[in-house]
Every structure is written in structure tokens, then in C-alpha cells.
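Asker: The following comprises the amino acid sequence and a computationally predicted model.
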Amino acid sequence: MPCPDNMRNEHGWYGYREEDDTVTCRNCGGQTMSQTATGYVFLRKDNHQPCEHEVEGRKIGNCLYKYTCKHCGYSYDIDSGD
């Protein structure tokens, strides 16, 4: 992603690359439950742009919920422990 001004002097700390003035995005994808953000997201089916998920949830078990994005189809499960 383009490097925000406040990270430019932190060479290497945020995955900064001077040659293209970018940093590694660690704010997308994979952060459900105990996973780590990957920096990658699915593309929307309608315009092929990175999706900013709009998820709808449904109960699929006693305490288990499945959330699915209505734009790209990305889904994940959450065990709420209720």
C-alpha cells in the first residue's frame, strides 16, 4: 500500500520499500479468530476491486455462526461460546 507519511522514516519496520515508497499492508484478510492479517483481500464480484466486506451472519450450530460477505463470497466461522 502507499506509505503513510508517519511511517516513511521507519525503514523496514513496517515493510517499507524505498524503491516504490510502499509499506506492507497488514490490515486485511485473515484476522478472524486467532489468525494473522495477511494484507490480501478477495475482489468484489461486481467490479473486481478489493472488497471492503459487508458480511451477513447466520447461526449454523449451537454457538457457531458463519459470516459471509455479500460482495465477494469470503466467509469465516466464529464460535461465540454462548
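Answerer: Done, it's in.
Asker: so where is the chain shaky, pLDDT-wise?
Answerer: The chain contains residues with pLDDT under 70 at 9-14, 25-39, 81-82.
Asker: Quickly list the domain ranges of it.
Answerer: The chain resolves into domains spanning 1-40, 41-82 when parsed by automatic domain parsing.
Asker: what's the straight distance from one end of the first one to the other?
Answerer: Which is domain 1-40. For domain 1-40, the first-to-last residue distance is 11 Å (Cα to Cα, to the nearest Å).
Asker: Check stretch 54-66 too.
Answerer: End-to-end for stretch 54-66, by Cα to Cα: 13 Å.
Asker: swap in stretch 58-69?
Answerer: End-to-end for stretch 58-69, by Cα to Cα: 12 Å.
Asker: And it, how far out from the chain middle?
Answerer: Using Cα atoms, centre = their mean, to the nearest Å, the distance from the centre of stretch 58-69 to the centre of the chain it belongs to is 19 Å.
Asker: I would like the residues contacting it, please.
Answerer: 42, 51, 53-57, 74-82 (Cβ atoms under 8 Å, 6 or more residues apart in numbering). No exception for glycine: its C-beta is placed from N, CA and C like everyone else's.
Asker: correct me, but Gly73 touches Phe42?
Answerer: Yes. Assessed by Cβ atoms under 8 Å, Gly73 is found in contact with Phe42 at 7.0 Å.
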